[in-house]
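> Below are the sequence and a predicted model; questions follow.
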Amino acid sequence: MTLFRKIFSALLCFLLSAEALYAAPRGKQELVPAGSWVYDALTAIALEEGRADFSDNAPLSINEILLYLSEADYSSLSSSGKSLYDRIKAYAAEDPLSFEAGIFSLEADPVVNLEGMYKSEDDIDWVYGKKDRLALISFPVKFQAKDLFTMYTELDLRQNYGYALSDATFTNIPLEASQFDTNFPHRAYFSTGYSFTDTAGMNFQIGLGERSVGRSLGGSVIMSEYLTTTSFASLSFYSPDVRYCMNVNQFNVDRYLYMHQLEVRLFKKLTFSAIEAIFVNAPLELRFLNPWTIYHGMSPWRDYEPDKDDSEGHTCAYMCFKLQYVPVKNLRLYANFAQDQFQTKYEMDNWPDNVTPNGIGAQLGIESYVPFRGGRFHAWLEGYYADPYLYIKESPNWSLVGTFSENMGEQAVFYEWIGSPYGPDTVAAQLSFGYEHDNWSIAAGYLFKACGEYSGTKVFKGKNDCDWGGQDRVPDLDKWVYPDTSKDGFEEAKRKQSLVTPSGIPEYVNRISLCAKWSPVSAVTLAVSPACVFIFNSGNVSDNFKCGLETAVSVTFRPVRMFQ
């Protein structure tokens, strides 16, 4: 209690000494979270002018967002484009409840969300899943020094995910003590930066929460916002035509991803990004922070168990590329590529005992925004492919997956791949089409997936369960799916190495969904999301057919905005 009293007293003194209780603009170092509508709006404006930018990365600072927005010629935009431009400007100048004391301010913008949901088939996972679920009460708090820095945390009153995603759930209101989520906050950060010129700046972030590299319909194969539980530190230098980012993500104790990303833009229509990264199952090391280090040349896997053979233990080399091209106005073509292993023909011919499988994934997509009568049509088509062993290495400890367990209820364990939630061993095609206006939108979607036996997170549960939950540092490798001649024998290991997507008995998933949103006033948003799923060979079992309906309804209320 002594510590609590000290914190409360300090906060009370701050509030009593505040010069005014007023509405303050956002600081320029505040971060826009991955998945925000701001990135959609910025993309629509850029496509209307026939150009590309680097806003397919997240989270970005308000300062960087405004830099990309400043490229737009407001006078030449359509009424839809001007509306989006004005909305982003208003977002940057948004004025939540704020207490100011000199250059410092303490701000809050509480949100109340009521959700109801239902699904007819227990054996089919929720379409309205973990990423979509809202806290009953969310209380974001920011402490900032004007445009110098922002500190942010998101205090939540919500159900734990183990209960929220169970078949019996019908509301987001915690009804028992065991249903509360005590793992909050799920998003928090410190962000600071500096503008060198009007068109160049830098930003440094350290925090907890989602990151994404590559704007995508189903979640980027490189790094997606579906990876929600990692801590990160990021340093970026940006301008309209060149951008560099160094990022370190901590997945669990002694599990770090070091990533260096260099991006260039040519002719304002083409962006190209090269990404070199390495995942290491070891304490934090300075040598991997060097931006011009070639990780493979360092052979770091030899350092952790030097007495063993030259297999790549404790590390996962990760190389990625992404490309955007805007051939004409209102149209974007893109490709995302990720690779953690590729065995060349030379390696296969000269080392016949080699059983290392390839790990390659890719996305190709086309996206279009077309202004129409003050709003815009939005169409998006994307294809996805992943090898059976994409993201998967010799041990879960250095595979590209984050995991966490909850503290309440059944203490459920969750697994999140670095990239697409479809995971490895999957071929997918997804289509979305809708119309968006200032205060309402409607979109329909269709998803088809051909899923092998290693798809999703099946390698961690079910018949492939390796008894690893992230807290246990010694996984049961006898149950791990990676080819290993010592436990599988040579013939079985070679068979695993040669698996093609989808492996085993393919599971065919078809999903039809609809999402409609309406904001009658700025403080209230209503949403409804019905869906239908039918699955052939469900659970990779032949002739096992499942079909189910679900719907979710939500009401979001921001009380502070009622008084603005």
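Here it is on my side, so go on.
> Show residues contacting stretch 468-488.
When contacts are defined by CB atoms under 8 Å, 6 or more residues apart in numbering, stretch 468-488 is touched by residues 252, 353, 355-357, 389, 392-397, 402-405, 413, 454, 459-460, 464-467, 492-494, 496-497. C-beta: built from backbone N, CA, C; applies to glycine.
> So for that stretch, mean pLDDT?
When pLDDT is averaged along stretch 468-488, the result is 82.
> can you tell me the distance between the two ends of that stretch?
Between the opening and closing residues of stretch 468-488 there is a gap of 19 Å (CA to CA, to the nearest Å).
> Figure out how far it is from the centre of its chain.
Stretch 468-488 sits 27 Å away from the centroid of its parent chain (CA atoms, centre = their mean, to the nearest Å).
> Repeat that for stretch 294-303.
Between the centre of stretch 294-303 and the centre of its chain there are 28 Å (CA atoms, centre = their mean).
> Strands of the stretch 451-564 of the chain, residue ranges please.
For the stretch 451-564 of the chain, the strands defined by DSSP state E, counting those that start in this stretch occupy 507-521, 524-528, 531-536, 546-557.
> Check the stretch 251-400 of the chain too.
255-266, 270-280, 315-325, 331-341, 359-372, 375-386.
> on contacts alone, who are the packing partners of the longest one?
So the one you mean is strand 359-372. Strand 359-372 makes packing contacts with helix 37-48, helix 79-92, strand 331-341, strand 375-386 when contacts are defined by 3 or more CB pairs under 8 Å, 6 or more residues apart in numbering; DSSP states H and E.
> Relative to Asp123, which of the ones you listed is closest?
Distance to Asp123, taken as CB to CB, is lowest for strand 375-386 among those, at 23.8 Å.
> And the next helix or strand past that closest one?
Sequence order places strand 401-405 as the next helix or strand after strand 375-386, per DSSP states H and E.
> what sits against the residue lying closest to Leu155 once chain neighbours are set aside?
With sequence-adjacent residues excluded and distances taken as CB to CB, 6 or more residues apart in numbering, Leu155 is closest to Phe139, at 4.4 Å. Neighbouring residues of Phe139 by CB under 8 Å, 6+ apart: 108, 110-111, 154-157.
> and what of Val112?
Contacts were defined as CB under 8 Å, 6+ apart; by that measure Val112 touches 136-137, 556-559.
> Generate a PyMOL selection restricted to the buried entries among the contacts of stretch 468-488.
Command for PyMOL that selects the buried part of these, burial taken from 16 or more other CB atoms under 10 Å:
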select buried, resi 252+355+356+357+389+392+393+394+395+396+397+402+403+404+413+454+459+460+466+493+494+496+497
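> For Pro140, which non-adjacent residue is closest in space?
For Pro140, the spatially nearest residue (CB to CB, 6+ apart) is Glu154, at 4.9 Å.
> Verify the stated contact: the one you found with Tyr189.
No. With contacts counted by CB atoms under 8 Å, Glu154 stays clear of Tyr189, the gap being 9.7 Å.
> more crowded one of those two?
Set side by side, Glu154 and Tyr189 give different neighbour counts by other CB atoms under 10 Å, the larger being at Tyr189 (24 against 20).
> about what we covered before: same list (the strands of the stretch 251-400 of the chain) but as a markdown table, adding mean pLDDT, distance to Met117 and mean neighbour count.
Shown next, in a markdown table, are the strands of the stretch 251-400 of the chain (pLDDT from 0 to 100; distance: least, CB to CB, whole Å; neighbours: other CB atoms under 10 Å):
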| stretch | mean pLDDT | distance to Met117 | mean neighbour count |
| --- | --- | --- | --- |
| strand 255-266 | 97 | 33 | 20 |
| strand 270-280 | 96 | 35 | 21 |
| strand 315-325 | 96 | 34 | 21 |
| strand 331-341 | 97 | 31 | 21 |
| strand 359-372 | 98 | 29 | 20 |
| strand 375-386 | 98 | 25 | 20 |
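> For the residue nearest the centre of the chain, pull up the helix or strand it's in.
Taking CA atoms, centre = their mean, the centroid of the chain lies closest to Glu225, which sits 0.7 Å from it. In the assignment (DSSP H and E), Glu225 maps to no helix and no strand.
> same thing with Gly207?
Under the criterion of DSSP H and E, Gly207 resides in strand 200-208.
> what does the next helix or strand after that strand rub up against?
Sequence order places strand 212-213 as the next helix or strand after strand 200-208, per DSSP H and E. Contacts to strand 212-213, defined as CB under 8 Å, 6+ apart, come from residues 34-35, 56-58, 219-220, 222-225, 261, 273, 275, 320, 322.
> could you redo the last one with a cut-off of 10 Å?
For strand 212-213, contacts defined as CB atoms under 10 Å, 6 or more residues apart in numbering pick out 33-35, 39, 56-59, 219-227, 245, 247, 259, 261, 263, 273, 275, 277, 320, 322, 336, 338, 418-419.
> Tell me which helix or strand comes right after that strand.
Following strand 212-213 in sequence order, the next helix or strand is strand 231-238 (DSSP H and E).
> same for that following strand, what does it pack against?
Packing partners of strand 231-238 (3 or more CB pairs under 10 Å, 6 or more residues apart in numbering; DSSP states H and E): strand 57-58, strand 60-61, helix 62-69, strand 188-197, strand 200-208, strand 242-252, strand 255-266.
> mind putting those in a markdown table, distance to Ala46 included?
Below are the helices and strands packed on strand 231-238 laid out as a markdown table (distance: least, CB to CB, whole Å):
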| stretch | distance to Ala46 |
| --- | --- |
| strand 57-58 | 14 |
| strand 60-61 | 14 |
| helix 62-69 | 7 |
| strand 188-197 | 21 |
| strand 200-208 | 19 |
| strand 242-252 | 15 |
| strand 255-266 | 11 |
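> To Ala443, which of the ones you listed lies closest?
Closest to Ala443 of these is strand 57-58 (CB to CB; 20.1 Å).
> average pLDDT for that closest one?
Confidence for strand 57-58, expressed as mean pLDDT, is 96.
> Pull up the pairing partners for it, direction included.
Applying DSSP bridges to the sheet, strand 57-58 is found paired with strand 212-213 (antiparallel).
> deepest of the strands of the stretch 451-564 of the chain, which one?
Burial of the strands of the stretch 451-564 of the chain is given as mean neighbour count (mean count of other CB atoms under 10 Å); strand 531-536 ranks first at a mean of 19.
> Relative to Gly162, which of the contacts of Val112 is nearest.
Using CB to CB, the shortest approach to Gly162 within the contacts of Val112 belongs to Leu136, at 16.1 Å.
> Which residues are in contact with the closest residue to Leu333 other than its chain neighbours?
Using CB to CB, 6+ apart and skipping residues adjacent in sequence, the residue nearest Leu333 is Tyr325, 4.8 Å away. By CB under 10 Å, 6+ apart, the contact set of Tyr325 is 52, 266-267, 269-272, 331-335.
> Tell me, please, the helix or strand in the chain that averages the lowest pLDDT.
None of the helices or strands of the chain scores lower by mean pLDDT, DSSP states H and E than helix 2-17, at a mean of 46.
> So, low pLDDT: which residues of this protein?
Counting by pLDDT under 70, the chain has low-confidence residues at 1-24, 95, 307-311, 462-463, 470-473, 562-564.
> wouldn't Ser273 be in contact with Asp56 here?
Yes. Taking contacts as CB atoms under 10 Å, Ser273 lies within contact range of Asp56: 8.7 Å.
> Touching both of the two, which residues are there?
213-214, 263, 322, 324, 336.
> Now distance to Val481 too, for the residues you listed, in JSON lines please.
Shown next, in JSON lines, are these (distance: CB to CB, whole Å):
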{"residue": "Val213", "distance to Val481": "26"}
{"residue": "Gly214", "distance to Val481": "26"}
{"residue": "Glu263", "distance to Val481": "34"}
{"residue": "Lys322", "distance to Val481": "28"}
{"residue": "Gln324", "distance to Val481": "34"}
{"residue": "Asn336", "distance to Val481": "25"}
